[in-house]
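S.K.: sharing a model prediction with you, sequence too.
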Amino acid sequence: MGDKVRDQMLAIDGGSPVRTEKLPFVRVSYGYEELQEIVDVFERGIFCSVYAEAEKVRALEDAFAEYAGVRHAVAFSSGTTAQHASLLAAGVGPGDEVIVPPLTFASTAYTVLLAGAKPVFADVDDNTITLDPERVAEVMTERTRAIVPVHWFGHPAAMDELLALAEPADVVVIEDCAHGFGTAYRGRAAGTMGQMACWSLQESKVLTSAGEGGMLTTDDDRMAEIAASICDHGKDKRAGRREAGGYRIVRVGNNYRLSEIHAAFGLAQLRKAETLRAARRAHTKVLDEALSEVKGLRRPQPWPDVELSYAYYPLRFEEESFTVDVDRISDALTAEGIANGVGFGREELCHVHPLFVEHCGEVSLPVAERIARELLALPLYPDLTRSDLDEVVTAVRKVSAAYAA
């Protein structure tokens, strides 16, 4: 078999791969700045933020609040624990309902169950893959206590419309900003429009605190106080309430604290947030231009007057344009040496998971379900080279051509 034929044949079928060394789907961009901050923790010898001498978590909270444009930021061990605390701080409990999108990481919905309430799924907009306000209006009831719009893939949800639904009904809006670093909606930063916002600092996000971490932000003093209390075993966090040599437990809480080492890494990441995001934006432009003419590929379309975070590079392979499903396309890209995130659709379609069927019943959400059948994400992180991007494009074009309907 000639070399040209082998190059055209998919690697999954025995052809030559575009890339012999697999390109990772996620890679953390870090350097001396992160190492320097962590070494400082070791030199100080204080690793837990509970001690008065600890500095890194408090510094990260202050810097993050300034970055997000809010009064309060409370550090958590993960975005999930921040989500749980936000619901409790909002007063969500048994008998309440919380509206969430079906396409999101499962914690957006299962933390509602942890709070004793019921998650209610509303379908998403076909362009942005975020909550569709019309579908939200259809499922709102007298029991609706909160709405959790997710700025998925850094595309902001339709916040004006969602707030217009929530405010007259005295419903709390908690923004899920796990993908929202740098996202802005009509001149307002993500995380500043609802009563609270939750952020993930997990390894795959725009910023990370050494693999795991989270943040809750708010302008509300009382919600911040409750969230900080829940984060630290339910301790009384009101000013002047610390007892000599001890503390007072005033509510059910947990140990959701972030460590000093994780916060130190996050501090260094936060200082170069805009540099990291600029690299992602530049990579996105290259991929957009190179893939725009490939038939059957569809990128989420943001609302007018928004700024994206470029958290990931989501791509839809429209099912009528290809002869195989997205799982096969994912396997073919992997064989070409390009790791990818097919799980965003297949695994993060929440309402079909047994847990949520059991607690919420079966629901039909046709827009989300179609997107899930088509959705795949390509590598997008600051350390990608132009050669890496060119190989991603080559692999996508090769696979798309081979499976074109």
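M.R.: Structure's in. What do you need?

S.K.: part of a strand, is residue 199?
M.R.: Yes - under DSSP: H, G, I helix; E, B strand; the rest coil, residue 199 sits within a strand.

S.K.: how about stretch 397-405: buried residues?
M.R.: Within stretch 397-405, the residues scored as buried using 16 or more other CB atoms under 10 Å are 397-400, 402-403. C-betas here are computed from N, CA, C, even on glycine.

S.K.: A helix includes residue 314, no?
M.R.: No - read with three-state DSSP, residue 314 is strand and lies in no helix.

S.K.: mind putting the buried residues of stretch 397-405 in JSON lines, secondary structure and pLDDT included?
M.R.: Output for those, formatted as JSON lines (DSSP: H, G, I helix; E, B strand; the rest coil; pLDDT from 0 to 100):
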{"residue": "397", "secondary structure": "helix", "pLDDT": "98"}
{"residue": "398", "secondary structure": "helix", "pLDDT": "98"}
{"residue": "399", "secondary structure": "helix", "pLDDT": "98"}
{"residue": "400", "secondary structure": "helix", "pLDDT": "98"}
{"residue": "402", "secondary structure": "helix", "pLDDT": "97"}
{"residue": "403", "secondary structure": "coil", "pLDDT": "98"}
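
S.K.: report the contact partners of the nearest residue to residue 386 once chain neighbours are set aside.
M.R.: Excluding the flanking residues, the one nearest residue 386 by CB to CB, 6 or more residues apart in numbering is residue 286, at 7.4 Å. Applying CB atoms under 8 Å, 6 or more residues apart in numbering to residue 286 gives the contacts 386, 389, 393.

S.K.: what about residue 286, which helix or strand?
M.R.: In this structure, residue 286 sits in helix 273-291 according to DSSP states H and E.

S.K.: show me what counts as buried in that helix.
M.R.: Quick answer for helix 273-291 (16+ other CB under 10 Å): 273, 276-277, 279-281, 283-284, 287, 290-291.

S.K.: name the SS class of residue 145, please.
M.R.: strand.

S.K.: what about it, how many neighbours?
M.R.: 22 (other CB atoms under 10 Å).

S.K.: you'd agree it is up against residue 172?
M.R.: Yes - between residue 145 and residue 172 there is a contact at 6.6 Å, judged by CB atoms under 8 Å.

S.K.: need the overlap of contacts for the two.
M.R.: 90-92.

S.K.: hmm, which of the residues you listed are the buried ones?
M.R.: 90, 92.

S.K.: any idea how far stretch 37-44 is from the chain center?
M.R.: Here the centre of stretch 37-44 is set off from its chain's centre by 29 Å, with CA atoms, centre = their mean, to the nearest Å.

S.K.: pull the residues that contact that stretch.
M.R.: So stretch 37-44 is contacted by 47, 53, 55-56, 210, 260-261, 264-265, 267-268 (CB under 8 Å, 6+ apart).

S.K.: so which bits of that stretch are buried?
M.R.: In stretch 37-44, counting by 16+ other CB under 10 Å, buried: 37-38, 41.

S.K.: any chance of those residues in JSON lines, plus secondary structure?
M.R.: Converted to JSON lines, the buried residues of stretch 37-44 look like this (three-state DSSP):
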{"residue": "37", "secondary structure": "helix"}
{"residue": "38", "secondary structure": "helix"}
{"residue": "41", "secondary structure": "helix"}
